[in-house]
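> What follows is a predicted protein model with its sequence.
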Amino acid sequence: MILVLPTLFHVATIAIATPFTPTNAGGSTYVFTLTGPWGEPTCQESNSQVLGLEEILAVFEDEATCDDGISSTHAFTAGQIAITETGLAAFVDGGGYAYDGEGADAFSRHDYLATIDVDSEVDRRVRIDWSLYASGLGSVLTTVKRLGNIGGPNDPAKPIFEEVANAYIFPIIDGGVEVLRMPAGRWRCTILSTHQSHSGKKGFQQGVAQLGHTVTVVPLGDVDGNGEVNTTDLLAVIGAWGACDDCLEDLDGDGLVGVSDILQVIADW
């Protein structure tokens, strides 16, 4: 993969080895703020942007603000899905506020959506570290799913990774780690963030919708995904010996923890 990186004085082209090759991307952003009556606002500002591969690989940010001296509103968003030497790194951040004065209306909203399609030439094992936060009327979503074989027709599968949070006034904070099989093929990563703030709704004057996750490729024999293949992984495979439906110890995904999985651990030791 070739990355073109801007510097202060020139553009540098750097070749780096990456496990995933981006093939397609798309998305959009929207920020909106308003003060005063909906029919005759005292201030209304909005921006929208269609995102392509270049904007999604880089950090794209946008914001809008209204302040008429009585009421004030703000909406912002930022996000990125980056291809790294070890996998993927995605984040999205968005939110805003709406404060009125003398009972006047105030409203703000943001939306961010990005998807990126990548090719993975070989079967892989990945560790996904993720976290999210949502408050007010904030929502976030992220998925990673297989689209089909490289060069073949679309045959979407259920996501191997999916996290969703829809806040209603009270904050939602969550996070975790997943270790998953990622068979060779075409894959799609999606991130979404949205919020609405309204000055006249108690608990909805502010909203935030944030999430981040990294997809890190680890050795196929790394059962627990800690980046090291050792006795712990070997004992885990032995402990799960036999038929096993979609379990971590089934390293080759054949529905059976057996000799082939032991050999994979030894090969990656």
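Okay, I see it. Numbers count the residues shown, from 1 in each chain.
> alpha carbons only for contacts and neighbour counts from here, please
Fine.
> residues in contact with Ile150?
For Ile150, the contact set (Cα atoms under 8 Å, 6 or more residues apart in numbering) comprises 119, 121, 184-186.
> Which helix or which strand is home to the residue lying closest to Asp222 once chain neighbours are set aside?
Computed as Cα to Cα, 6 or more residues apart in numbering, the closest residue to Asp222 that is not its neighbour in sequence is Val229, at 5.0 Å. Under the criterion DSSP states H and E, no helix or strand holds Val229.
> Against Pro159, how distant is Val229?
26 Å (Cα to Cα, to the nearest Å).
> quick one: which of these two has more around it?
Val229 (22 against 16; other Cα atoms under 10 Å).
> List the contacts of that one.
The neighbourhood of Val229, defined by Cα under 8 Å, 6+ apart, consists of 219, 221-223, 265, 268-269.
> So which of those residues belong to helices?
Residues of the contacts of Val229 located in helices (DSSP state H): Val265.
> follow-up on the earlier one: need the contacts of Ile150 in JSON lines (columns: distance to Ser48, secondary structure and neighbour count).
As requested, these are exported to JSON lines (distance: Cα to Cα, whole Å; DSSP: H, G, I helix; E, B strand; the rest coil; neighbours: other Cα atoms under 10 Å):
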{"residue": "Asp119", "distance to Ser48": "29", "secondary structure": "strand", "neighbour count": "22"}
{"residue": "Glu121", "distance to Ser48": "35", "secondary structure": "coil", "neighbour count": "15"}
{"residue": "Ala184", "distance to Ser48": "35", "secondary structure": "coil", "neighbour count": "16"}
{"residue": "Gly185", "distance to Ser48": "33", "secondary structure": "strand", "neighbour count": "18"}
{"residue": "Arg186", "distance to Ser48": "29", "secondary structure": "strand", "neighbour count": "25"}
